[in-house]
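Enquirer: coords below, sequence missing:
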């Protein structure tokens, strides 16, 4: 009995203090304001895609150019789709920021990409192929692969393709 009465007293005082916490910043339900009505977004504008990049910087335009040649293209199955890995040989050393850029919408079951790189502003040597080799990869979901029979990657002088089984 000696332990029950103090425990009940502490519980009563604790619960009576909850009324003051209801309107306090300590309550997580008060961390965000109430919802408010807004005008619908303009047609064709996705409100989930930011107009500017991180830290309110303007989004930079990618200025890559196609690599000289595509040397290898592999498509590997993943649990949610496929991983496309492309290896190419750049024109000269120092190529960086390698990207697979989609070339329009898929037509006749062919999904096309261009393997692009950015070269340094300073003049660099044209070394052997191992020094100029670049690799890029992209993950595609089952939804993106729906209806696609062939994946094609284009370089400056050649293209490679892989067919789905």
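Expert: Good, I have the coordinates. Keep in mind the model is a prediction, meaning the values are calculated, not measured.
Enquirer: quick one: the helices in this structure?
Expert: With DSSP state H, the ranges of helices along the chain come out as 4-16, 18-21, 129-132, 142-145.
Enquirer: least confident secondary structure element in the protein?
Expert: helix 18-21 (a mean of 64; mean pLDDT, DSSP states H and E).
Enquirer: in the chain, which spans are strands?
Expert: 65-66, 69-78, 81-89, 96-102, 110-118, 133-141, 150-154, 159-163 (DSSP state E).
Enquirer: please convert the ones you listed to CSV, extending it with mean pLDDT and distance to residue 125.
Expert: From N, CA and C alone the C-beta is placed, and that goes for glycine too. Putting the strands of the chain into CSV (pLDDT from 0 to 100; distance: least, CB to CB, whole Å) gives the following:
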stretch, mean pLDDT, distance to residue 125
strand 65-66, 91, 18
strand 69-78, 91, 18
strand 81-89, 93, 14
strand 96-102, 92, 15
strand 110-118, 93, 16
strand 133-141, 94, 15
strand 150-154, 92, 26
strand 159-163, 91, 26
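Enquirer: who wins for proximity to residue 8 among these?
Expert: strand 133-141 (57.4 Å; CB to CB).
Enquirer: now for the helices of the chain, which one comes closest to residue 102?
Expert: So among these, helix 142-145 is nearest, using CB to CB, at 10.0 Å.
Enquirer: stretch 105-125 spans what distance, first to last residue?
Expert: 37 Å (CA to CA, to the nearest Å).
Enquirer: run through who's touching that stretch.
Expert: With contact meaning CB atoms under 8 Å, 6 or more residues apart in numbering, stretch 105-125 is reached by 62-67, 70, 84, 86, 88, 90-104, 134, 136, 138, 144-145, 147-155, 161.
Enquirer: hang on, the earlier thing: let's have the helices of the chain in a markdown table, adding mean neighbour count.
Expert: Putting the helices of the chain into a markdown table (neighbours: other CB atoms under 10 Å) gives the following:
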| stretch | mean neighbour count |
| --- | --- |
| helix 4-16 | 9 |
| helix 18-21 | 10 |
| helix 129-132 | 14 |
| helix 142-145 | 13 |
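Enquirer: present these as TSV; the columns should include distance to residue 113.
Expert: Shown next, in TSV, are these (distance: least, CB to CB, whole Å):
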stretch	distance to residue 113
helix 4-16	62
helix 18-21	56
helix 129-132	20
helix 142-145	12
